[in-house]
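S.K.: Build me a structure from this.
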Amino acid sequence: MSLLTPIEAPPSLTEQALAALRRDILSTRLAPGETISEAATAQRLDLGKAPIRAALARLAEEGLVTALPRRGWVVSLVTIRDIHEVFDLRGLLEPEAARRAAGRVDAAMLARLDAVCAEGYDCADEDSVLCFLAANKAFHLAIAELSGNARLARQLDRLLDESTRMLVLGLRRRDRTGEMAHEHHALVEALALGQAEHAAALMREQVAASRAMVLAALTAPDAMTPVTA
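M.R.: Numbering: from 1, shown residues only. Predicted structure coming up:
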């Protein structure tokens, strides 16, 4: 190894706890409304209570958990208003990101986007939906980064996390992963050809379709995870 090669520091205990808890919440292994015990979580993750508490405080800032007096922490519910706000913002920001990204796709980026699409197709284990949605987030975030606006990409990073939890709940009722993967390929083609307006329109349609799927799934009479207004 070269002496000039930077060595990344291992994640701190708080970062380890944050990553594990965020993954459990976004995947709904910790379901909306579920209470989180600091002691039980520390034991489950084999970490101390201090990093668990610090991680939960960070997640509270992100709106994924809520602190309740004398009850500890609870996973935030998903409301109809949350769904509309998240997808409204995605509908405003992502088409513009796609418009700006069009024509900026060189051979290396095209290979990266194709690889992310392939990751979604290759998910064959019992967590295939989660695997696909991780690839889905990486795909959308790559396009946001191509826009050239770092702040836009950071905002979308958080929005994509919030919508991932909603999509997990929605895809349990209707598997739209095949349609989403096909939409990704169409969008990559428009970006590679520099078709800015077409790329923006495709992105707008994708966000709208995902919103409709989530709303239909979570407002159905027999929905496993009912939502409130």
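
S.K.: care to break the protein down by domain?
M.R.: As given by automatic domain parsing, the domain ranges for the chain are 13-75, 80-218.

S.K.: ok, and which of these has the densest surroundings?
M.R.: Among the domains of the chain, ranked by average contacts under mean count of other CB atoms under 10 Å, first place goes to domain 80-218 (a mean of 18). All C-beta spots, glycine's among them, are computed from the backbone N, C-alpha and C.

S.K.: Need the distance between the two termini of that domain.
M.R.: Taking CA to CA, to the nearest Å, the first and last residues of domain 80-218 lie 9 Å apart.

S.K.: can you check stretch 97-110 too?
M.R.: Termini of stretch 97-110 sit 16 Å apart (CA to CA).

S.K.: Just the mean pLDDT for that stretch, thanks.
M.R.: The average pLDDT for stretch 97-110 rounds to 88.

S.K.: for stretch 164-172, same thing?
M.R.: Mean predicted confidence for stretch 164-172 is 83.

S.K.: Please apply the same query to stretch 195-214.
M.R.: 94.

S.K.: Any idea how far that stretch is from the middle of the chain?
M.R.: 16 Å (CA atoms, centre = their mean, to the nearest Å).

S.K.: Also stretch 188-208?
M.R.: Relative to the chain's own centre, stretch 188-208 is displaced by 20 Å; criterion: CA atoms, centre = their mean.

S.K.: OK, contacts around Thr164?
M.R.: Shown in contact with Thr164 (CB atoms under 8 Å, 6 or more residues apart in numbering): Leu26, Leu133, Asn136, Lys137.

S.K.: The third one and Met180 touch, don't they?
M.R.: Yes - here Asn136 reaches Met180: they are 6.4 Å apart, a contact under CB atoms under 8 Å.

S.K.: Quick check, pLDDT for the residue most central in space within the chain.
M.R.: The residue lying closest to the centre of the chain (CA atoms, centre = their mean) is Asp161, at 3.1 Å. Looking at Asp161, its pLDDT stands at 86.

S.K.: With Glu8 instead?
M.R.: 60.

S.K.: what's the least confident helix or strand in the protein, going by average pLDDT?
M.R.: helix 107-121 (a mean of 71; mean pLDDT, DSSP states H and E).
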